[in-house]
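# fold the stuff below for me.
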Amino acid sequence: MRSTRAVRRRRPAAVPVTALRALGPAFVAAVAYVDPGNFATNIEGGSSYGYSLLWVVIAAGLVAMPVQFLSAKLGIVTGRSLPEACRERYGRRTTRGLWLQAEAMAMATDIAEFMGTAVALDLLFGIPLPAAVCLTGALSYLMLGFQARRHRPFEVVIAVMLCLMCAGFGYLMLRSGVDGAALASGLVPGAEDNRATLLALGIVGATVMPHAIYLHSALVRRRHVAGTGAEIDRALRAERIDVLVALTLAGVINASMLIVAAGAFHGSGLFEVASLSDAHAALGSWVGPAAALVFALALLAAGLSSSGVGTMSGQIVMEGFTGARIPVVVRRGITMAPAVLIAMAGWDPTQALILSQVVLSFGIAPALVPLLLITRDRAVMGRHVNSRPVTALYALIAAAIIALNAFLLWLVLVP
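Residues are numbered from 1 along each chain as shown. Just a heads-up that it's a prediction; the model follows:
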């Protein structure tokens, strides 16, 4: 094992941190929690099972908050991203394994982001799916070029997109109607059948995203530079606010997706609205053309913002684990290849979205376990090391996710 002290060796000059200046990094990370994969899993969950999976959405959102804060804490205290900290702590073989699985997760993420954006472009402008996927790649390049020049405006744009999505689904909830009693019953844990369990796991995979765990630790380095103990404390307090506000907003959007599907589809007897195109058409028929337009615009905002953020996290994974940097055009081309192949093969984009989210759930533990082990090491974190109760809480979260993955395998492999 490599020396863990190297993680804290080099530090940039310290700068003062305020709560207002801290707002931003968590909003960028929060985009991963409301990408098109969330649309697919929440819409199908709501239409098929009504409000009964609402507790899963809320639980996944609550789990995401401490996970994202722990990632930010590593970046604030050490000045390192999680991939960089792994490369400095672990041997070459372990680091390579972590990197390869992270790359696989990046490809699964791109399937959700590209396919969702392509469906939105098709719904809004009638662009065929393969062409829409390529257009999505070009648009994500433009977003990343903007981000490379100025970080703060990019964060503001992302925050505005999140607010627009929230407003859009608020409008859809008002138009769709909400059954208060059924909604309250959906807060009680339970799953009706194996399909509901698969969807529940897909919701977890679409909410607690592996690339968001890697990304957040890198984002805060640009704003929260490790300095004196007092400056680090201020940065951590400010980031708690950032995480709370951003992920609460993301959680509200996620919950509203399922509530809209439950109210508009399940409540109307439409139990098999299993695709984004069907959801758009059903909203237009049962709620009105304006509702269908709002849905498509919200899907486009989610896809465009998440595709740019996904590429950014892919760069951080590559640079952190390997120390190598490749042009963003090449990077984007590699990870978008599966999405292009799916579009050209004519596969159902919504089912590809849902399966990609299930795959992503298997990438949470390989990101979360190293994060937990590094932040519990006093040689790395100093006085900001995780306490035993905090370590136990995160160990419980990791164990629960691993158990869910094992149960999914059992459902798939056992007749």
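# just checking, what packs against the lengthiest helix in the chain?
Longest among the helix segments of the chain by residue count, using DSSP state H, is helix 229-264. For helix 229-264, the packing partners by 3 or more CB pairs under 8 Å, 6 or more residues apart in numbering; DSSP states H and E come out as helix 19-22, helix 25-30, helix 36-49, helix 54-78, helix 151-176, helix 180-185, helix 276-286. All C-beta atoms are positioned from the backbone trio N, CA, C, and that covers glycine.
# can you rerun that using 6 Å?
Packing partners of helix 229-264 (3 or more CB pairs under 6 Å, 6 or more residues apart in numbering; DSSP states H and E): helix 19-22, helix 25-30, helix 36-49, helix 54-78, helix 151-176.
# quick one: closest of these to Trp99.
helix 54-78 (17.1 Å; CB to CB).
# so after the closest one, what's the next helix or strand?
Using DSSP states H and E, the next helix or strand after helix 54-78 towards the C-terminus is helix 82-89.
# quick one on the thing from earlier: what's the angle between the longest helix of the chain and helix 36-49?
Relative orientation of helix 229-264 with respect to helix 36-49: 40 degrees, computed using axes from the mean of the first three to the mean of the last three CA atoms, to 10 degrees.
# report the buried residues of helix 229-264.
Across helix 229-264, burial judged by 16 or more other CB atoms under 10 Å covers 231-232, 234-236, 238-240, 242-243, 245-247, 249-264.
# over to stretch 179-195?
Asp179, Ala182, Leu183, Gly186, Ala191.
# and for stretch 192-211?
Within stretch 192-211, the residues that count as buried by 16+ other CB under 10 Å are 196-211.
# and what of stretch 100-109?
So, applying 16+ other CB under 10 Å, buried residues of stretch 100-109: Gln101, Ala102, Glu103, Ala104, Met105, Ala106, Met107, Ala108, Thr109.
# Ala184 is in contact with Trp55, correct?
No: if you go by CB atoms under 6 Å, Trp55 and Ala184 don't touch, sitting 10.7 Å apart.
# ok so, going back, okay, and which of the buried residues of stretch 100-109 map to helices?
If you go by DSSP H, the buried residues of stretch 100-109 have Gln101, Ala102, Glu103, Ala104, Met105, Ala106, Met107, Ala108, Thr109 in helices.
# may I have the distance across stretch 196-216, first residue to last?
End-to-end distance for stretch 196-216: 31 Å, by CA to CA, to the nearest Å.
# ok, stretch 46-65 next?
23 Å.
# and it, how far out from the chain middle?
15 Å (CA atoms, centre = their mean, to the nearest Å).
# and Leu270, how many neighbours?
Leu270 has 17 neighbours, counted by other CB atoms under 10 Å.
# just say helix, strand or coil for Lys319.
Let me fix one detail, which is that residue 319 is Glu and not Lys. helix (DSSP: H, G, I helix; E, B strand; the rest coil).
# low-confidence ranges in the stretch 151-300 of the chain?
For the stretch 151-300 of the chain, the stretches flagged by pLDDT under 70 are 151-152, 191, 202, 205-206, 222-228, 274.
# restrict the helix or strand Ser356 falls within to CA atoms and write it as PDB.
Using DSSP H and E, Ser356 maps to helix 349-361. Presented in PDB, the C-alpha positions along helix 349-361 are these (Å, rounded to 0.1, in the frame of the first residue of the first chain):
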ATOM      1  CA  PRO A 349     -34.500   3.900 -25.600                       C
ATOM      2  CA  THR A 350     -36.600   3.800 -22.400                       C
ATOM      3  CA  GLN A 351     -35.800   0.200 -21.600                       C
ATOM      4  CA  ALA A 352     -32.100   1.000 -22.400                       C
ATOM      5  CA  LEU A 353     -32.400   3.800 -19.900                       C
ATOM      6  CA  ILE A 354     -33.800   1.700 -17.200                       C
ATOM      7  CA  LEU A 355     -31.300  -1.100 -17.600                       C
ATOM      8  CA  SER A 356     -28.500   1.500 -17.600                       C
ATOM      9  CA  GLN A 357     -29.700   2.600 -14.200                       C
ATOM     10  CA  VAL A 358     -29.600  -0.900 -12.800                       C
ATOM     11  CA  VAL A 359     -26.100  -1.300 -14.100                       C
ATOM     12  CA  LEU A 360     -25.100   2.000 -12.400                       C
ATOM     13  CA  SER A 361     -26.400   0.700  -9.100                       C
END
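# which element follows it toward the C-terminus?
Taking DSSP H and E, what comes next after helix 349-361 is helix 364-375.
# for the helix or strand encompassing Ala406, name the packing helices and strands.
Per DSSP H and E: Ala406 is located in helix 388-413. Contacts defined by 3+ CB pairs under 6 Å, 6+ apart place helix 388-413 against helix 194-207, helix 364-375.
# recalculate using a threshold of 10 Å.
helix 54-78, helix 194-207, helix 349-361, helix 364-375 (3 or more CB pairs under 10 Å, 6 or more residues apart in numbering; DSSP states H and E).
# closest to Val330 out of these?
Using CB to CB, the helices and strands packed on helix 388-413 put helix 349-361 closest to Val330, at 22.0 Å.
# in that closest one, what's buried?
For helix 349-361, by 16+ other CB under 10 Å, it's Pro349, Thr350, Ala352, Leu353, Ile354, Leu355, Ser356, Gln357, Val358, Val359, Leu360, Ser361.
# centre of the chain to that helix, how far?
Between the centre of helix 349-361 and the centre of its chain there are 13 Å (CA atoms, centre = their mean).
# repeat for stretch 313-324
18 Å.
# list the buried residues for that stretch?
Counting neighbours by 16+ other CB under 10 Å, stretch 313-324 gives Ser313, Gly314, Gln315, Ile316, Val317, Met318, Glu319, Gly320, Phe321 as buried.
# got it, and stretch 77-94?
77-90.
# give me the number of residues near Leu124?
15.
# same deal with Asp348?
Residues near Asp348, counting by other CB under 10 Å, number 14.
# just the pLDDT for it.
Model confidence at Asp348, given as pLDDT, is 77.
# how far off centre is the strand or helix carrying Leu341?
Using DSSP H and E, the element containing Leu341 is helix 328-345. Remark: helix 328-345 is offset 19 Å from the chain centroid, using CA atoms, centre = their mean.
# buried sites along that helix?
Buried, per 16+ other CB under 10 Å, within helix 328-345: Val328, Arg331, Arg332, Ile334, Thr335, Met336, Pro338, Ala339, Val340, Ile342, Ala343.
# could I get the helices and strands packed on helix 388-413 in a markdown table, plus columns for distance to Leu174?
A markdown table is the format used below for the helices and strands packed on helix 388-413 (distance: least, CB to CB, whole Å):
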| stretch | distance to Leu174 |
| --- | --- |
| helix 54-78 | 18 |
| helix 194-207 | 24 |
| helix 349-361 | 25 |
| helix 364-375 | 34 |
